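Chemist: okay, sequence plus prediction incoming.
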Amino acid sequence: MSAAPPRTTRRAGTVPGLVTAAHPGPAAAVTVVAALLAVDAGLPARTALVVTLAVLTGQLVVGWVNDLVDLRRDRAVGRADKPLAAGRVRVCPVAVAVALSGAACVVFSLAAGWRSGIVHLVLGVGSAQAYNLGLKGTRLSWLPYAVAFGTLPAVASLAGTPPVWPPWWTTAAGAALGVGAHVLNALPDLADDVRTGVRGLPHRLGERAARPLAAGLLVAASALAAFGPAGSPPAWVWGALAVVAALAAVALAGRGRLPFRAAMAIALVDVVLLVAAG
């Protein structure tokens with residue numbers, strides 16, 4: 001099983017390769033969620049920007065490290081969509097990008113306040129790196145997603161004055177959303193992952209059981225965001241839940257990366273619900 005890059009692949013520019021290797025779709029979605037949570041927390045514009053940049057740089061680090069760690073496996077199964085595996089970008093520029101973004105992530109995270117910074121660096125980025133570096137292939141593969149997504153609202157709220165931990169249902173909604181997204185993101189690669197020794201929770205469950213579990217978790221996250229706040233939800237919330245139900249159906253029946261994109265769309269709907277709840 002050779003780890004050499006494909007000889008027939010022509011190298012594209014380094015910058016496009018770096019962008020693709022950073023997993024730009026999920027990185028952008030999580031960053032937008034963080035920005036909306038910062039608005040919901042009532043942070044000053046400067047602090048909200050710092051929180052958003054902290055999350056963005058953290059997501060870049062996580063994406064690049066993921067592709068570096070998976071390089072041999074991605075080459076073994078011929079992942080042409082991965083720039084490193086396909087030879088469209090070299091390891092050195094990615095490693096440099098990891099170092100620069102990692103340093104920026106530390107600076108931005110701590111600039112938001114030590115409480116917010118520690119939660120983001122340890123429970124957010126740290127959990128994601130634990131996934132990249134080993135938990136991905138175990139029955140605990142869901143745990144980093146639960147921790148990282150569950151504590152994302154706290155990254156914003158702990159940057160406020162005074163710093164506060166968000167309500168329990170916010171944390172629970174984030175955790176449910178994270179685990180659901182993890183399961184859906186893994187489904188298209190189940191066969192390739194098993195070939196290369198990766199056996200996380202979705203692989204152990206199998207697609208038939210994993211897909212409805214993920215859809216159920218996404219709906220549960222939305223229900224927590226809608227009904228967690230005190231008082232009766234306004235009428236428009238029911239419309240938002242109808243959108244969530246439609247997206248969950250896509251997650252349940254879709255193929256390829258479509259279910260994961262539906263999960264990211266549900267995340268944005270959930271944040272809208274959280275922001276509206278104040």
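Modeler: Structure's in. What do you need?
Chemist: alpha carbons only for contacts and neighbour counts from here, please
Modeler: Fine.
Chemist: elements contacting whichever strand or helix holds residue 190?
Modeler: Using DSSP states H and E, residue 190 sits in helix 190-195. Secondary-structure packing of helix 190-195 (3 or more CA pairs under 8 Å, 6 or more residues apart in numbering; DSSP states H and E): helix 201-205.
Chemist: need the next SSE after the helix it packs on, C-terminal direction.
Modeler: Once helix 201-205 ends, the next helix or strand along the chain (criterion: DSSP H and E) is helix 207-227.
Chemist: which strands and helices sit next to that following helix?
Modeler: helix 168-186, helix 235-253, helix 258-277.
Chemist: looking at the ones you listed, which is nearest to residue 79?
Modeler: helix 168-186 (14.4 Å; CA to CA).
Chemist: how about the CA coordinates for that closest one, as PDB?
Modeler: C-alpha atoms of helix 168-186 as PDB (Å, rounded to 0.1, in the frame of the first residue of the first chain):
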ATOM      1  CA  TRP A 168     -28.300  24.000  30.000                       C
ATOM      2  CA  TRP A 169     -30.600  23.500  27.100                       C
ATOM      3  CA  THR A 170     -28.300  25.600  24.900                       C
ATOM      4  CA  THR A 171     -25.400  23.300  25.700                       C
ATOM      5  CA  ALA A 172     -27.600  20.200  25.200                       C
ATOM      6  CA  ALA A 173     -28.900  21.500  21.800                       C
ATOM      7  CA  GLY A 174     -25.300  22.200  20.700                       C
ATOM      8  CA  ALA A 175     -24.200  18.700  21.800                       C
ATOM      9  CA  ALA A 176     -27.100  17.000  20.000                       C
ATOM     10  CA  LEU A 177     -26.400  19.000  16.900                       C
ATOM     11  CA  GLY A 178     -22.700  18.100  16.900                       C
ATOM     12  CA  VAL A 179     -23.200  14.400  17.300                       C
ATOM     13  CA  GLY A 180     -25.900  14.400  14.500                       C
ATOM     14  CA  ALA A 181     -23.600  16.300  12.200                       C
ATOM     15  CA  HIS A 182     -20.700  13.900  13.000                       C
ATOM     16  CA  VAL A 183     -22.800  10.800  12.100                       C
ATOM     17  CA  LEU A 184     -24.000  12.300   8.800                       C
ATOM     18  CA  ASN A 185     -20.600  13.600   7.800                       C
ATOM     19  CA  ALA A 186     -19.100  10.100   8.200                       C
END
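Chemist: contacting residues around it?
Modeler: The contact list for helix 168-186 (CA atoms under 8 Å, 6 or more residues apart in numbering) reads 142-143, 145-153, 201-202, 210-211, 213-218, 220-222, 224-225, 228, 251, 257, 259-260, 263-264, 267, 274.
Chemist: and it, how far from the chain's centre?
Modeler: For helix 168-186, the separation from the chain centroid amounts to 9 Å (computed by CA atoms, centre = their mean, to the nearest Å).
Chemist: low-confidence ranges, the stretch 101-250 of the chain, go.
Modeler: Within the stretch 101-250 of the chain, no stretch falls below the threshold (pLDDT under 70).
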